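A.B. asks: Dropping the sequence and predicted coords here.
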Amino acid sequence: MIKYKLQCENLHHFESWFSSSDAYDKLNKEGLLSCETCGSNSISKSLMSPSVNSKEKKPLKEGLKSKPNNEQIILKELKKEIEKNCEYVGENFEKEARAIHFGDSPERSIYGKTTLKEAKSLYEDGIPVTPLPWIDRKTN
Ligand SMILES: [Zn+2]
């Protein structure tokens, strides 16, 4: 069975079921289809189609997909800034941060890997530590 949206010459819209598209063609050719509202035998398939709507929605969907969210942009900018201005010390982060703090190492901004325990210990000694979301923590 096929459901068609139909339209008469007076632009009345209605729906009807047919066993096949051939059955629709045959009934319409023989004038056996009539408008439910005005009884007109001049019937055609309605031009109303769901594909018109989906076509309009498509660019919006693609736009959302390709546009990175604000968080990603901010993170990318932050990472760029830090990598430009700070020295990467890797696993020596805690040692180096302490050395800078106590004047044993030249003062500069550094970033690297640390454990939560090390970070907490630095914080307790009054050394500022900021977690960076893209750097993996060392496992204890
Ligand atoms: Zn009609």
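C.D. replies: Great, that's in hand.
A.B. asks: distance from the centroid: which residue in the chain tops it?
C.D. replies: Centroid-distance maximum for the chain: Glu30 at 52.2 Å, with Cα atoms, centre = their mean.
A.B. asks: got a list of what that one touches?
C.D. replies: Listed by Cβ atoms under 8 Å, 6 or more residues apart in numbering, Glu30 has no contact partners. (Glycine included, C-beta is placed from N, CA and C.)
A.B. asks: From Asn41, how far off is it?
C.D. replies: Applying Cβ to Cβ, to the nearest Å, the value for Glu30 to Asn41 is 10 Å.
A.B. asks: Could you pull out the strands in this protein for me?
C.D. replies: 2-8, 13-18, 43-45, 87-90, 110-112 (DSSP state E).
A.B. asks: can you list the domains in this protein?
C.D. replies: 2-51, 70-124 (automatic domain parsing).
A.B. asks: Relative to Thr130, tell me which of the ones you listed wins on proximity.
C.D. replies: domain 70-124 (8.7 Å; Cβ to Cβ).
A.B. asks: Buried deepest among the strands of the chain, which one?
C.D. replies: Most buried of the strands of the chain, by mean neighbour count (mean count of other Cβ atoms under 10 Å): strand 110-112, with a mean of 19.
A.B. asks: For that one, the averaged confidence score.
C.D. replies: Per-residue pLDDT over strand 110-112 has a mean of 91.
A.B. asks: what comes into contact with it?
C.D. replies: 82, 86-93, 96-97, 100, 132, 135.
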